[in-house]
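K.L.:
Give the three-dimensional model of this entry:
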Amino acid sequence: MGGATLVQLVVSAAPLAQHAPRIAAELVADGWRVSVTTSINAADWVDADAVVAATGSASVSQARRPGDPPTRERPRAVLLIPATFNTLNKLRGGISDTPALGVLNDAVGMKVPLLVVPMISERLVGHPAWRETYAWLGASGIAIMNPTSGLLGEFSPLASGSGDDVAKLFDTGAVIRWLKGVL
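P.N.:
Next comes the predicted model:
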């Protein structure tokens with residue numbers, strides 16, 4: 001069980017983002033403390049009130065506002081669920097132009113266990129940037145989980161239009177098993 005261990009859930013804009021409250025609630029039910037940061041584009045996909053209710057956290061953050069106290073506690077693991085083509089390519093490039101990317105780049109730089117669950121369309125996997133990013137993820141020790149099967153180290157592109165169906169069936173239990181294996 002996670003005890004009082006803090007886990008950071010970063011959410012980018014793909015259909016699985018709509019399930020962030022469910023994912024957070026299942027993590028909390030297993031004993032983890034969860035903090036949530038959405039990418040700017042994912043904010044409209046996520047029911048922030050439901051995430052707050054699930055986590056007991058004061059807010060879902062996109063950015064630190066003036067006057068907010070600085071965060072002192074660092075997460076013991078970071079989850080990027082879902083991970084998009086754009087976010088992963090920016091992460092590979094070390095770009096921290098949003099709070100969500102800042103969290104992810106901190107995790108990479110500090111060697112915090114990082115799990116990504118890519119939701120990438122079959123139309124994008126032939127792009128040279130994706131091939132380089134996928135290779136970089138593996139070389140960097142970043143765990144990759146297939147959103148359809150829940151298997152680690154496996155990636156399958158999604159057929160266009162299938163994201164909602166994949167998201168509905170996503171197994172948070174696979175994420176919990178990964179967390180218990182690395183922490």
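
K.L.:
Enumerate the positions of stretch 81-101 that are buried.
P.N.:
Of all the residues in stretch 81-101, those buried under the rule 16 or more other CB atoms under 10 Å are 81-92, 96, 98-101. (C-beta placed from N, C-alpha, C; glycine too.)

K.L.:
hang on, I meant stretch 120-128
P.N.:
Neighbour-count burial for stretch 120-128, counted by 16+ other CB under 10 Å, picks out 120-121, 124-125.

K.L.:
and it, how far out from the chain's middle?
P.N.:
Centroid displacement of stretch 120-128 relative to its chain, using CA atoms, centre = their mean, to the nearest Å, is 19 Å.

K.L.:
what's the answer for stretch 27-44, then?
P.N.:
Distance, centroid of stretch 27-44 to centroid of chain: 8 Å (CA atoms, centre = their mean).

K.L.:
Mind picking out the helix or strand in this protein with the poorest mean pLDDT?
P.N.:
Within the chain, no helix or strand scores below helix 48-55, which has a mean of 88 by mean pLDDT, DSSP states H and E.

K.L.:
Once you drop chain neighbours, what's closest to residue 153?
P.N.:
residue 144 (6.1 Å; CB to CB, 6 or more residues apart in numbering).

K.L.:
where does that neighbour fall, phi/psi-wise?
P.N.:
When read as degrees, to the nearest 10, the backbone of residue 144 gives phi -120, psi 130.

K.L.:
Need the three-state assignment for the residue nearest to the spatial centre of the chain.
P.N.:
With distances taken as CA atoms, centre = their mean, residue 80 lies nearest the centre of the chain, 1.4 Å away. Three-state secondary structure (criterion: DSSP: H, G, I helix; E, B strand; the rest coil) places residue 80 in strand.

K.L.:
Double-check it against residue 112; I have them as touching.
P.N.:
No - in this structure, residue 80 is not within contact of residue 112 by CB atoms under 8 Å, at 11.9 Å.

K.L.:
For this protein, which segments count as strands?
P.N.:
For the chain, strands defined by DSSP state E occupy the ranges 6-11, 33-38, 77-83, 114-118, 143-144.

K.L.:
need the ones you listed in JSON lines with distance to residue 27, can you?
P.N.:
Shown next, in JSON lines, are these (distance: least, CB to CB, whole Å):
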{"stretch": "strand 6-11", "distance to residue 27": "6"}
{"stretch": "strand 33-38", "distance to residue 27": "5"}
{"stretch": "strand 77-83", "distance to residue 27": "8"}
{"stretch": "strand 114-118", "distance to residue 27": "12"}
{"stretch": "strand 143-144", "distance to residue 27": "16"}
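
K.L.:
I'm done for today, thanks for sticking with me.
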